[in-house]
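**Q** Next one to model:
(2 chains, ligands or ions: 2)
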Amino acid sequence: MSGSALTVRQRLAAYAGLAKIQISAQTIYRSNYLVSLLGLLFKVYLLKEVWVAAYPHSRATMGHGQQISLSAQIAYSTLASVQYFVFNPWTLSGIPERVRNGQVAVDLARPVRYTAQMTFGQAGVMIAGLPFVIVALPFAILVGGAEAPASAGAGLGYAVSLVPAFLITLLTGSIVGITAFWTLETDGTSIIYRMVAQFFAGALVPLWFMPGWLETLASWLPFQATTYTPIAIYMGKSGSVVSTIGLQCVWVVVLWLILRLLAVRALRRVALQGG
Amino acid sequence: MTGLMAYVGARLEVVDPLGIIHVSELVKDFRRPKRIKGALGGLRTLVTRESVIKRAVDGIDFTVDEGEFLGYLGPNGAGKSTTIKMMTGILQPTSGKIEVAGIVPWRERQRNALNIGVVFGQKSQLWWDLPLRESLQIIGKLYAIDPARHRANVDWFVELLDLDPFFDTPVRQLSLGQRVRGDLAAAMLPEPRILFLDEPTIGLDVVAKERIRGFLSALNREAGTTVVLTTHDLDDVERLCRRIILIDGGKVTYDGDVESLKSRFVQQRRLVVKLAAGVEWRGVGIPGVAESIGDEAVELAFDPAEIQVSELITAVLADHQLTDVAIVEPELENVVHRIYASAGMA
Ligand SMILES: Nc1ncnc2c1ncn2[C@@H]1O[C@H](COP(=O)(O)OP(=O)(O)O)[C@@H](O)[C@H]1O
Ligand SMILES: [Mg+2]
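**A** Ligands and ions are numbered 1, 2, ... in the order given. Next up, the predicted model:
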C-alpha cells in the first residue's frame, strides 16, 4: 500500500544496507589503508621507543597509585594506537560534504531517517577498516608489545566495552559533522576535534600518567570511554567492569540525545531557510 | 514487455478524481542575513543580525490530476525548484497549503518519500564509488521493495533505458547522460505515483535527451505515473507535456495546454515571401500587416483573426513575382521568450 511508513524491520534492513554499501565503497581505498597501516606500525614503534627511554631502570613506575610496568605500558600504547586507527578513518562523518554539495536534498527525499542514514553509513566506513587491522595486529604486537588480559573476565569485558566505545566515537564524529548545517565548513573544527579527542581518549598518553586535574577533566569527557576505558578493563585497572561499561552506555545515550536534538534543529533550519 | 506489464499492474491503484497534488496560496520566504557594505561590513553583518526577506514563491495555486504530465516552466529564479522542494517535503512553506497524494509533505517527509520519485539534474542519488547495479540494490532496501518486483523493475529499466553497457561501471565514470538514466531508474524503482524532475536534461546531448524523453513518455502513458517536469528545454515540453504552468517572480502567469498558450500569447502568424531576382518590394498596403524587409526574404506579420491568409497572398502576388512563400507557425520557444521578455526577464 502506498504511503504507509516502513516497518521497524524494514528500516533496520535499510540501515544495514547503508552500512554495507559504505563497506564496499571503501574497497577502492585499499591502497590508502595499506599506506596508513605502515604509518600505524611506525607510530606503535616510536611510542614503544619513547616509553622505553622514559621509564626508569627498574622498568616499573607508579601512575595514580598503581604500579605500571614498562611492558604493560607498551601493551597499552600498542592496543590504543590500533584501536584508535580503526575507530577514526579519514572522514569523521559524511554529513559536511553532503551539506556543502547539496546532496542533503537527496538524503531528505528518502523514506528513512536522516541521522540514521548518516550514522549507519559512517559505521560502514569504520567497519571497512577492520580486516586491515586484523592483518596488521600481529605486526603491531611484533614492533610494539602485548600482554594477555588480566583475567578471562577482563578479556570478555574488553570485547563488550568495544561496542559502546565504537558507538561513542561514531556519535561524537557525527555531532561534529552535523554542525556543518550552520557553518558549512567543518575542516577546522574537525582538526581541533581530532586533536582533543585523541588526547583525551588516552590514545597518546594513558590517563594514569596525566596530572590529577587533567585526568579529572578527561574523565568528564566522553573521549576516554572510546580508548582508555576498554584497555583499562583489559588490564584489570578499571575498577568494577560492569559499572565502567554502564558508564560508557550512559555516554552513548547522552550523545545520541545530543545528536538527535541537533539533527532536529538542523533539519528545521533547512526546511525554513533552504539547503 | 513483461517488465512493463508487471510495472503497470502494480500501479493500478484507485485514482483520486480530485487530483493528486493540491497547492493553494503557497508562499515561501527565504530570510537571509543582510549584508552590510563598507568598512567592517562582514563584522557588522554578523553583529546586527538584520535580515532581508526574499519571496521565492508568491501565492501559487494549482491542482495536478493523477496521470498528468505537467511542465513547470519559468525563467531562472522564478521559484520552480523551491516549489518542487516544498512538494518533496524538504522545505516548509511560509504559508499556504500543500498536499501530495493525501500527505502534507513537510509534516511527513519520510512517508511522502514513499509516494514520490525525485531527479535533480545536478545532483545524483547514486553512490559515486559503486556500480549502478549496487545503487539500485540498496534503493530496494531503502524503499522496502519486494525482491521479485525489484528484479522485474530492474530488468525493465535496463531494457528501456539501455543500462546494460554501463550497469557494472562505477557511477563516477559514467557520462552525464548515463548517470541521469541511472538516476531515473533509481527514482522509478520503488514505483512512485509521482515523479518530480528538476531540469533532468540539462547539459545532455540530443541522443541522451531523446532516450530520456522516450522513457518518461512510456512511464506516463503506460504506467500512469504523474510527472512534474521543470526544464529549460522547450523541446522536452513540446514532446512530453500536455499541460504547462508558467511561473515568474513566484507567481503563476499561465496554466493550460501548450496550444492555447501559443495562440493566446502569439496572435501573430508570419508569412515569409522570397522575391524573384530583380523584383523590388513595393508593399501590400493592407492595414495591420507589419512588414520587415530582409536581404533574402520579406516577412509579413499578421493576425489571422483579422486578415485572411489568402487575401494577403493575393495582395502580394498582385504586385510581385515570387520564388517561394511560407507561413510560419509560432514555436513554443519563441512564445516563451516573448513572455519572459514582456515581463522584463529575458
Ligand atoms: N536557500 C535559499 N536562500 C535564499 N534565497 C533562495 C534560496 N533558494 C532559492 N532562493 C531564491 O529564491 C528564488 C527562486 O529560486 P528557485 O526556486 O531556485 O528558482 P528556479 O528553480 O525557478 O530557478 C531565487 O531568487 C533564489 O535566489
Ligand atoms: Mg531551479
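**Q** hey, let's count contacts and neighbours off CA atoms from now on
**A** OK.
**Q** check whether the helix or strand containing residue B:81 contacts ligand 1.
**A** With elements taken from DSSP states H and E, the one containing residue B:81 is helix B:80-87. Yes - under the criterion of C-alpha under 6 Å from any ligand atom, ligand 1 is reached by helix B:80-87 at B:80-82.
**Q** Skip ahead from that helix and say which helix or strand is next.
**A** Using DSSP H and E, the first helix or strand after helix B:80-87 is strand B:95-100.
**Q** Residue A:10 and chain B: what is the separation?
**A** Note on residue A:10: its distance to chain B, by C-alpha to the nearest C-alpha, to the nearest Å, is 6 Å.
**Q** burial measure for that residue, as a count.
**A** Using other C-alpha atoms under 10 Å in any protein chain shown, residue A:10 has 17 neighbouring residues.
**Q** Got the phi and psi for it?
**A** For residue A:10, the backbone dihedrals are phi -60, psi -40 (criterion: degrees, to the nearest 10).
**Q** close enough to count as contact, residue A:15 and residue A:118?
**A** No - the pair residue A:15 and residue A:118 fails to qualify as a contact (C-alpha atoms under 8 Å) at a distance of 9.2 Å.
**Q** Now do the shared contacts for these two.
**A** Residues within reach of residue A:15 and of residue A:118 at once, by C-alpha atoms under 8 Å, 6 or more residues apart in numbering or on different chains: there are none.
**Q** still on that earlier bit, what packs against the helix holding residue B:81?
**A** strand B:51-64, strand B:95-100, strand B:194-198 (3 or more C-alpha pairs under 8 Å, 6 or more residues apart in numbering or on different chains; DSSP states H and E).
**Q** deepest of these, which one?
**A** strand B:194-198 (a mean of 24; mean count of other C-alpha atoms under 10 Å in any protein chain shown).
**Q** Next, the angle from that one to helix B:80-87.
**A** Strand B:194-198 and helix B:80-87 are oriented at 150 degrees to each other (axes from the mean of the first three to the mean of the last three C-alpha atoms, to 10 degrees).
**Q** Give me the nearest residue to the closest residue to ligand 1 within the stretch 151-300 of chain B, chain neighbours excluded.
**A** Residue of the stretch 151-300 of chain B nearest ligand 1, by C-alpha to the nearest ligand atom: residue B:250 (7.2 Å). Spatial nearest neighbour of residue B:250, chain neighbours left out: residue B:57 (4.0 Å); criterion: C-alpha to C-alpha, 6 or more residues apart in numbering or on different chains.
**Q** so who does that neighbour touch?
**A** Counting by C-alpha under 8 Å, 6+ apart, residue B:57 has contacts B:26-29, B:78-79, B:82-83, B:249-251.
**Q** ditto for residue A:113
**A** Per C-alpha under 8 Å, 6+ apart, neighbours of residue A:113: residue B:110.
**Q** Show the pLDDT at it.
**A** As predicted, residue A:113 sits at a pLDDT of 94.
**Q** And for residue B:345?
**A** 47.
**Q** got it, and residue A:183?
**A** pLDDT for residue A:183: 88.
**Q** cool, and the one 4 residues further on?
**A** As predicted, residue A:187 sits at a pLDDT of 85.
**Q** Could you check how far the residue positioned nearest the centre of chain B is from residue B:57?
**A** The centre of chain B sits closest to residue B:230, judged by C-alpha atoms, centre = their mean, with a distance of 2.9 Å. Residue B:230 is 15 Å from residue B:57, where distance means C-alpha to C-alpha, to the nearest Å.
**Q** Let's see which of the contacts of residue B:57 end up in strands.
**A** B:26-29, B:251 (DSSP state E).
**Q** The closest residue to chain B within the stretch 51-200 of chain A - nearest residue in space that isn't next to it in sequence?
**A** Residue nearest to chain B within the stretch 51-200 of chain A: residue A:111 (4.0 Å; C-alpha to the nearest C-alpha). Distances taken as C-alpha to C-alpha, 6+ apart place residue B:110 nearest to residue A:111, at 4.0 Å, with adjacent residues excluded.
**Q** isn't that neighbour right up against residue A:114?
**A** No - judged on C-alpha under 8 Å, residue B:110 makes no contact with residue A:114 at a distance of 9.3 Å.
**Q** Mutual contacts of the two, please.
**A** Counting by C-alpha under 8 Å, 6+ apart, the residues touching both residue B:110 and residue A:114 are residue A:108.
**Q** More neighbours: which of the two?
**A** Applying other C-alpha under 10 Å to residue B:110 and residue A:114 shows that residue B:110 carries more neighbours, namely 23 against 18.
**Q** Could you confirm the more buried one falls within a helix?
**A** Yes - assessed with DSSP: H, G, I helix; E, B strand; the rest coil, residue B:110 lies in a helix.
**Q** list the contacts for it?
**A** By C-alpha under 8 Å, 6+ apart, the residues touching residue B:110 are A:5, A:108-113.
**Q** distance of it from residue A:110?
**A** 6 Å.
**Q** now residue A:143
**A** 47 Å.
**Q** Then residue B:147?
**A** Per C-alpha to C-alpha, residue B:147 is found 19 Å from residue A:110.
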